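[1] Sharing a sequence plus its predicted fold:
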Amino acid sequence: HTSFPDVRCALRARGMTRQKIRAAALGAVACMGDVHAIASANPSAGAEILRDPGTNRGLGFPQALRHSKAVSGLVPPAERSFDDQDACALAHLRRKEAPLDKFEFLEGLHSTDERTYFSLLVKHTAECMPIVYTPTVGAACQNWSGMQHGMGPKGMYISIKDKGRVKEMLQNWPRDEVKAIVVTDGERILGLGDLGANGMGIPIGKLSLYTACAGVDPAVCMPVTLDTGTNTKSVLDDKFYIGNRHERVRGPEYDEFIDEFFRACKELYGEQVLIQFEDFGNLNAFRLLEKYQPDYCTFNDDIQGTASVVVAGLLASVRITGIPISQQTFLFQGAGEAGVGIAELIAEAIKTEGGVSVGNRNQLRALHPLTHHHYFDRAIVK
């Protein structure tokens, strides 16, 4: 049972490219599976093996396993290579025209055959990523409650009504080892606003990127939606809405719920489990990050992830322009989570470059997108 890192290191030593490393790592893990366990499984376990997206191989089960007591007769006689399975799935995907239809197909595949799903994402990243994440995931979240038929459980929905038993609920997750968690409360989904429990598409999509782009084993990833209600009337009025039908809970009750979740994650999965905030509203995003960073392995992708990419681009551009960051002026349209996060990291980069803090607030200015007034709602210049 070679681990993902072991596979990657071995392949890197052979001079393989990062893209080939990811594909080979996924293929290696897919081929390994629990072959011996499947071969010796009781007949009653066969259906569960096929229902579990982590163990199901469809027509990819080798002939040696076709005669096992567990899967005998449950799989058609033809045997396909993994490459042929990928080609078949890709052809099916390309027959669909609407992005949302493509999304539903891929998520259905995600629910039934993880190996093929992630293989498509790795081999056809440019084609598949805009479907499983932005921009299509936004439309998917808006239609999430109506898309639940045929989509298996791929994340944990924890309601504020379950306050006091969060740890107990997390223990229902089907995999014991969790190393990466992406969590949202659905209040600020992309630029679409408060979608409540419909925001689950974001944690699922983001963790798909973890696997497809960084080779993180999907078996150790857990998407979570913390349902504390929603203030969007159209969502509450949707008769098919899957979340709590009440306005957002604020104040001490909300904070106690978030705190219980963080404590439960550390108790169950250890101090090193990564907890990524995703699409929390401005009211909570900054303060929760500041609260939990000292004691947990956590970050906010909207604030910090976006900032790291932008500042990396700025640092790279210095090599071309020859103008140090400390001698440049930056204008931001708005001061939301991304804008403020970028401004704070630029300020840190200026300090690192020149050894001094930003001395002139006008060097980092935010422009209100409607009134064109200059403002910052947080202290960027320290």
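    Right, received. Where do you want to start?
[2] Leu207: how many residues sit nearby?
    Applying other C-beta atoms under 10 Å, we find 23 residues neighbouring Leu207. For every residue, glycine as well, the C-beta is placed using N, CA and C.
[3] any idea how far it lies from Ile160?
    The spacing between Leu207 and Ile160, counted by C-beta to C-beta, to the nearest Å, is 23 Å.
[4] And for Val71?
    Distance, Val71 to Ile160, using C-beta to C-beta: 42 Å.
[5] Can you check which strand is longest in this protein?
    strand 221-227 (DSSP state E).
[6] Keeping just the C-alphas, turn the next helix or strand after that one into PDB.
    Using DSSP states H and E, the helix or strand that follows strand 221-227 in sequence is helix 233-237. Provided in PDB are the C-alpha atoms of helix 233-237 (Å, rounded to 0.1, in the frame of the first residue of the first chain):
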ATOM      1  CA  LYS A 233     -35.400  34.900   0.400                       C
ATOM      2  CA  SER A 234     -35.300  33.000  -2.900                       C
ATOM      3  CA  VAL A 235     -33.400  30.200  -1.300                       C
ATOM      4  CA  LEU A 236     -35.700  30.000   1.600                       C
ATOM      5  CA  ASP A 237     -38.800  30.000  -0.700                       C
END
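[7] List the buried residues in helix 233-237.
    Within helix 233-237, the residues scored as buried using 16 or more other C-beta atoms under 10 Å are 235-236.
[8] what is the mean pLDDT for that helix?
    Average pLDDT, helix 233-237: 96.
[9] Could you tell me how far that helix lies from the centre of the chain?
    Centroid displacement of helix 233-237 relative to its chain, using C-alpha atoms, centre = their mean, to the nearest Å, is 25 Å.
[10] Quick one: residues in contact with it.
    Outside of helix 233-237, the residues that reach it under the criterion C-beta atoms under 8 Å, 6 or more residues apart in numbering are 194-196, 198, 230, 241, 243, 245-246.
[11] quick one: which of the residues you listed has the most company?
    Using other C-beta under 10 Å as the neighbour criterion, Gly196 leads the contacts of helix 233-237 with 30 neighbours.
[12] Help me confirm that that residue comes into contact with Arg188.
    No: with contact defined as C-beta atoms under 8 Å, Gly196 and Arg188 do not form a contacting pair (11.4 Å).
[13] contacting residues around the residue most central in space within the chain?
    Centroid-nearest residue in the chain: Lys206, 2.1 Å away (criterion: C-alpha atoms, centre = their mean). Applying C-beta under 8 Å, 6+ apart, we find Lys206 in contact with 133, 182, 223, 276, 278, 301.
[14] Of those, which belong to strands?
    Counting by DSSP E, the part of the contacts of Lys206 found in strands is 182, 223, 276.
[15] Might you report the residue contacts of the first one?
    By C-beta under 8 Å, 6+ apart, the contact list for Val182 reads 202-203, 206-207, 210, 221-224, 276, 278.
[16] need the contacts of Lys206 in CSV with pLDDT and distance to Gly46, can you?
    CSV is the format used below for these (pLDDT from 0 to 100; distance: C-beta to C-beta, whole Å):
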residue, pLDDT, distance to Gly46
Tyr133, 94, 34
Val182, 98, 33
Pro223, 97, 28
Gln276, 97, 36
Glu278, 96, 37
Asp301, 92, 40
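[17] Kind regards, and thank you for your time.
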